Every structure is written in C-alpha cells, then in structure tokens.
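>>> Sequence and predicted structure below; questions after.
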Amino acid sequence: KLGELAELVSGELAGNVNIEIDAVSEIQKGRAGTITFLGNPKYHKFISETNASAIIVSDKSFLRGKNGIVVQNPQLAFAKILSIFSDKRDDLAGIHPSALIHKSAELGMEVSIGAFAVIGDSVNVGNRRKIGHHVTVGNSSRVGTNSLVYSNVNIYQDCLIGDNVIIHSGTVIGSDGFGFVTENDVHHKIPQTGSVIIGNDVEIGANCAIDRASINETIIGDGTKIDNLVHIAHNVKIGKGCLLAGEVGIAGSAEIGDYCVLAGHSAVAPHVNLGSRSILAAKTGVTKSLAGGKIYAGMPAREIKKKNKRDAIFAEVNLLKKQFKKLENKLQN
C-alpha cells in the first residue's frame with residue numbers, strides 16, 4: 001500500500017494511504033496500479049498526463065491533487081521502492097555438481113556456486129556468496145560475504161574481494177599488468193607478482209580489466225562503482241566512493257582520490273595523482289597531477305572554465321581568419 005511505501009522511504013504521504021501499488025513505471029508510460037517518480041524537471045509535463053496511481057516528488061505542489069510521496073530525493077526513494085518490486089528469481093541455489101572445488105577451499109554458509117565454476121587451492125569464500133556459472137577463482141584468493149559474481153568472471157590468484165561486492169560478466173581481475181623493459185628492440189616482460197584488493201560495497205561492470213600490481217597491490221576503495229569496459233592498470237590506487245563511467249582508462253601507478261567522477265572515455269596517464277572530489281568531463285585526458293575539488297575537461301586536462309574560454313577564443317580567431325580572408329579577396333579583386 002502507498003502508506004507502507006511512504007514509511008519505507010521516510011516520505012510524506014499525500015493522498016489515499018490505502019491505495020494498492022503492485023509495480024513501478026516510467027512517468028510518461030505510467031499505468032494504473034503503479035508508482036512512478038519525477039526526477040528530471042523536463043518530465044514535469046507528464047504529471048498531469050500519467051496514469052500511474054502515485055508519484056514520488058520533491059514538492060507536494062507538483063502532485064496537483066494526485067496521490068504521491070514527498071521526499072527530498074525522489075530518485076533515491078524510487079530506487080528503494082524498485083528493489084521491492086524487482087524480480088527475485090535466482091538460478092543459483094546451492095552448489096552445482098559440475099563445479100570444481102579444491103579440497104582446501106573454505107566455503108562459508110549459504111554459498112551458491114554455478115555450473116562449471118572452478119574454485120582453486122586455499123580460496124576463501126564468505127557467507128551468502130553467489131558465484132555464477134563458469135566463474136574461476138584462482139588460488140589463495142578471497143571472496144567476501146554477501147557478494148555476487150556473475151557468470152564468466154575470472155579472478156586470478158591472490159586477489160582479495162571485499163564484502164557486498166557485485167562483479168558482472170566478462171570481467172577479469174588480477175591479469176598481468178602491461179609491464180615490459182625494452183633493450184635492443186626486444187621487449188622483456190616484467191613479472192607481475194603483486195595482487196588486487198577490491199574494497200567493500202564495490203560494483204564492477206561487464207568486461208572490465210583490473211590488472212594485478214607488479215609489486216604490492218592494485219587497490220579499489222570501498223563504495224567505488226565501475227561501469228562496463230573500464231581498464232585499470234597495475235599498481236593503480238582508487239579511493240573511496242568513486243564513479244568511473246564506460247571506457248575509462250587509468251594507466252599504471254596512477255592514484256585517484258576519494259569521491260572522484262570520471263566520465264566516459266576519460267583517461268589518466270601513469271604516475272599522476274588526481275585529487276579527491278575531482279570531476280573529469282567526457283574524453284578528458286589527464287597528463288599531470290591535478291588538485292582535487294575541481295571540474296576538468298579537454299586534452300590535456302584543464303579546469304573546465306579555462307577549457308571553455310580557450311575554445312571560445314579559438315572559435316573567435318577562426319571567425320576572424322575567415323573575415324580577413326574575405327577582405328583579402330576583395331582587395332585583390
């Protein structure tokens with residue numbers, strides 16, 4: 001009931017407390033019996049048109065007499081409600097008979113392991129852990145409590161995965177870093193003897209690659225969320241609560257501070273530091289260490305205001321060039 005949902009999100013109820021909600025919907029495609037939300041102001045026009053039975057809003061006046069819940073952050077409240085109505089079916093239950101588990105591996109309580117998964121020597125798997133089909137966990141690795149590893153993930157040896165971690169399909173953790181020494185046009189491999197440490201509450205998207213350190217550790221801090229197709233090189237250190245969008249690349253031994261945001265296609269050069277709470281706009285290239293608490297753009301990265309100013313000047317110069325060309329043609333004629 002709507003009143004129960006309002007209590008769940010600690011929101012102010014507006015309208016019929018007993019109205020029944022059986023699903024969620026988009027505001028522009030709302031249907032009776034569902035609840036929706038207004039997060040982006042550009043969707044405000046759909047409030048009067050939607051057939052949803054209730055709307056989550058940040059201001060009671062937006063409802064115009066309709067049923068709803070008033071909260072400070074409608075999108076967050078909607079996420080909490082969405083979790084109630086999400087499909088809970090799970091094809092992982094217990095340990096599949098085709099899974100290969102080394103006799104020295106330690107499995108916690110309520111562990112599920114899918115078909116053809118391989119759990120190596122001296123692996124430690126925490127309680128309430130779900131490991132999907134065809135997953136490989138290498139020797140002496142640790143997988144924390146209450147975490148989910150989807151199918152076809154490969155975790156190499158000596159990697160430490162924290163609690164409440166989600167790793168999506170196709171991701172590889174602990175592969176060799178790109179380390180070579182060149183002499184006489186021959187590239188000699190540098191052995192990658194370190195490990196990877198993934199903190200608690202981390203989510204890693206599909207088809208990511210997180211390389212092991214050459215020495216010591218590659219580290220992903222607590223609460224960091226990584227999108228699909230991200231590459232994190234050897235000895236990188238990423239702080240707490242960072243957001244890395246798709247196709248981000250971080251080169252070896254770079255250090256990313258806490259709560260940084262790296263938009264799509266941005267990249268960080270080796271051996272540089274990006275200060276905490278930095279934001280990189282899409283396709284930004286960081287080539288030197290940058291202070292935290294600022295927004296950067298461009299290649300090489302500059303504060304976004306300076307980048308925009310340079311772009312504006314370039315456009316003006318280009319326009320002047322065209323005008324001079326026209327004058328020159330007139331004078332020649």
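Sure thing, it's come through. Computed from a predicted model, the values in this text were never measured in an experiment.

>>> all helices for this structure, in order.
Per DSSP state H, the chain carries helices over the ranges 2-8, 74-85, 304-332.

>>> possible to save those helices as a markdown table with distance to residue 175 and mean pLDDT?
Where C-beta positions appear, they are placed from N, C-alpha and C, glycine not excepted. As requested, the helices of the chain are exported to a markdown table (distance: least, CB to CB, whole Å; pLDDT from 0 to 100):
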| stretch | distance to residue 175 | mean pLDDT |
| --- | --- | --- |
| helix 2-8 | 42 | 95 |
| helix 74-85 | 33 | 92 |
| helix 304-332 | 34 | 85 |
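
>>> Out of those, which is closest to residue 122?
With CB to CB as the criterion, residue 122 lies closest to helix 74-85 of those, at 35.4 Å.

>>> Now tabulate the helices of the chain in JSON lines and tack on mean neighbour count.
Below are those laid out as JSON lines (neighbours: other CB atoms under 10 Å):
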{"stretch": "helix 2-8", "mean neighbour count": "17"}
{"stretch": "helix 74-85", "mean neighbour count": "16"}
{"stretch": "helix 304-332", "mean neighbour count": "11"}
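
>>> closest to residue 54 out of these?
Of these, nearest to residue 54 by CB to CB is helix 2-8, at 5.3 Å.

>>> I'd like the distance from the closest one to the chain centre, please.
Centroid separation for helix 2-8 versus its chain: 29 Å, with CA atoms, centre = their mean, to the nearest Å.

>>> swap in stretch 316-327?
On CA atoms, centre = their mean, the centre of stretch 316-327 falls 45 Å from the chain's centre.

>>> for stretch 199-215, same thing?
11 Å.

>>> returning to that earlier point: out of the helices of the chain, flag the one nearest residue 251.
Nearest to residue 251 among the helices of the chain is helix 304-332 (21.4 Å), distances taken as CB to CB.

>>> what helices or strands is the closest one leaning on?
Packing partners of helix 304-332 (3 or more CB pairs under 8 Å, 6 or more residues apart in numbering; DSSP states H and E): strand 295-297.

>>> List the pairing partners of the strand it packs on within its sheet, with orientation.
The pairing partners recorded for strand 295-297 under DSSP bridges are strand 279-280 (parallel), strand 302-303 (antiparallel).

>>> Touching it from outside, list them.
Residues from elsewhere that reach strand 295-297 (CB atoms under 8 Å, 6 or more residues apart in numbering): 278-281, 284, 286, 290, 302-304, 307-308.

>>> picking up where we left off before, what would the strands paired with strand 295-297 look like in TSV with mean neighbour count and distance to residue 69?
Shown next, in TSV, are these (neighbours: other CB atoms under 10 Å; distance: least, CB to CB, whole Å):
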stretch	mean neighbour count	distance to residue 69
strand 279-280	24	31
strand 302-303	16	40
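
>>> check contacts around residue 266.
Taking CB under 8 Å, 6+ apart as the test, what residue 266 contacts is 245, 248, 280-286.

>>> what would these look like in a markdown table with distance to residue 260 and pLDDT?
A markdown table is the format used below for the contacts of residue 266 (distance: CB to CB, whole Å; pLDDT from 0 to 100):
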| residue | distance to residue 260 | pLDDT |
| --- | --- | --- |
| 245 | 11 | 98 |
| 248 | 11 | 98 |
| 280 | 8 | 98 |
| 281 | 13 | 97 |
| 282 | 15 | 97 |
| 283 | 16 | 97 |
| 284 | 12 | 98 |
| 285 | 15 | 97 |
| 286 | 11 | 98 |
